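dropping a prediction and its sequence here:
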Amino acid sequence: MAHYLLTYHVAADYLQRRPEFRTEHLALAWTAADRGDLVLAGALEDPVDTACLLFAGEGPEAAEAFAKADPYVREGLVERWTVRRWNTVVGELAAHPVHS
């Protein structure tokens, strides 16, 4: 198992447009979490210009599929997104714990 960080760079009008699509977005997110694919997700504050979603799996496919199905992406609330492997090494949920 590895971690993959899906990063959203959101549009300037994200907060104004979010309510229209939030129910569908959250349903998609909770379904992914219930499957065990999505570990944590949320937007960064001050400014709200980025959101991060942490996925767990054997590859980036779950994170990529999520982004492609997300109404925030489909409707242009997300200007661009990336998926990168995140080598987590410290913490209870670390994929590859390293102790000195």
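Thanks, I have it. Just so you know, these numbers come straight off a predicted model, no measurement behind them. Numbers count the residues shown, from 1 in each chain.

in stretch 85-100, what counts as buried?
88, 95 (16 or more other C-beta atoms under 10 Å). The way it works is simple: take the backbone N, C-alpha and C, and place the C-beta from them, glycine included.

hmm, I was thinking of stretch 57-73
57, 60, 62-63, 66-67, 70-73.

pick out the most distant pair among these.
Spatial extent of those (C-beta to C-beta) is set by the pair G57 and P71 at 22.1 Å.

one step back: just the closest of the buried residues of stretch 57-73 to W30, please.
Among these, and counting by C-beta to C-beta, the member closest to W30 is F66, at 11.7 Å.

hang on, isn't the closest one packed against D37?
Yes. Assessed by C-beta atoms under 8 Å, F66 is found in contact with D37 at 7.4 Å.

what about the residue nearest the centre of the chain, which helix or strand?
Nearest to the mean C-alpha position of the chain, by C-alpha atoms, centre = their mean, lies L53 at 2.1 Å. Using DSSP states H and E, L53 falls within strand 50-57.

now do that strand, average pLDDT.
On average, the pLDDT along strand 50-57 is 98.

now T7. Nearest residue, chain neighbours left out?
Residue nearest to T7 in three dimensions, not counting chain neighbours: T82, with 5.1 Å by C-beta to C-beta, 6 or more residues apart in numbering.

let's verify that neighbour: helix, strand, or coil?
State at T82, reduced to three classes by DSSP: H, G, I helix; E, B strand; the rest coil: strand.
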